[in-house]
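A.B. asks: Predicted model and sequence below, questions to follow.
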Amino acid sequence: MTRVCLLGKDDLDLRYELLSRETSREALATYGRSRPYENSIAVRTVSVGGAVSFLNDLDWYLVRFVEEAIVQEPSVDPDEWLSRPLAEALRDGRIEPGETGEYLKIYGVERADNGADGDGRREDAGEAAGTVVETAPRLVEPLYVRRTDGDLPEYDLREVEDTLVVRLTEEEFSQ
């Protein structure tokens, strides 16, 4: 299964924006949704082609509400994501999977605070007293790097718990 993750723009609530509009709500209704990161929505599709089609269907909304759309295809790499342009290039056969790992954007991943008690959890006043709600981690400050000799450069912009690696096209990296 191929995953698609939509990362919302900082100044809006992505879930609200997409689910409050009939066309995007209907497009999302056929998929199980998750929230892997703060202000994000993720779905599973059957292939890279299905992921690109899904993104094309939502393009009007993506331009307005999404900072970045990323695709995770296990046959390319089980842990790294692909940018939308790279996923399109793979689907169209303009690039082979083995040629995709040189240009990267690495996000730092840290737990969101949002009233959390230090371990990324918080009590939700809207729920029964004492109910603990997990908060989604957030992506911070991307670092653009090139992989050399197969080694992934270290994320060094700030101290973070983890990283999220997104493979890019050479054109995206050069911009």
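C.D. replies: Perfect, I can see it now.

A.B. asks: ok, which stretches of this protein are strands?
C.D. replies: Under the criterion DSSP state E, strands of the chain are mapped to 2-8, 40-45, 66-72, 81-83, 103-111, 121-123, 132-134, 137-146, 162-167.

A.B. asks: In a markdown table: those strands, plus distance to residue 92.
C.D. replies: To be clear about C-beta, it is placed using only N, CA and C from the backbone, and glycine gets the same treatment. Shown next, in a markdown table, are the strands of the chain (distance: least, C-beta to C-beta, whole Å):
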| stretch | distance to residue 92 |
| --- | --- |
| strand 2-8 | 15 |
| strand 40-45 | 17 |
| strand 66-72 | 14 |
| strand 81-83 | 13 |
| strand 103-111 | 18 |
| strand 121-123 | 43 |
| strand 132-134 | 38 |
| strand 137-146 | 24 |
| strand 162-167 | 16 |
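
A.B. asks: Find the residue closest to residue 65 in space, skipping its chain neighbours.
C.D. replies: residue 17 (4.5 Å; C-beta to C-beta, 6 or more residues apart in numbering).

A.B. asks: need the contact list for residue 36.
C.D. replies: Neighbouring residues of residue 36 by C-beta atoms under 8 Å, 6 or more residues apart in numbering: 5, 42, 136-137.

A.B. asks: separation between it and residue 81?
C.D. replies: 11 Å (C-beta to C-beta, to the nearest Å).

A.B. asks: Overlap of the contact sets of the two?
C.D. replies: residue 5.

A.B. asks: circling back to that earlier point, least reliable of the strands of the chain by average pLDDT, please.
C.D. replies: In terms of average pLDDT, strand 121-123 trails the rest of those, at a mean of 41.

A.B. asks: Next, count neighbours for the residue nearest to residue 65.
C.D. replies: 17 (other C-beta atoms under 10 Å).

A.B. asks: pretty sure it is touching residue 61, no?
C.D. replies: Yes: using C-beta atoms under 8 Å, residue 17 is in contact with residue 61, at 7.3 Å.

A.B. asks: Can you check which residues contact both of these two?
C.D. replies: Common contacts of residue 17 and residue 61, defined by C-beta under 8 Å, 6+ apart, comprise residue 24.
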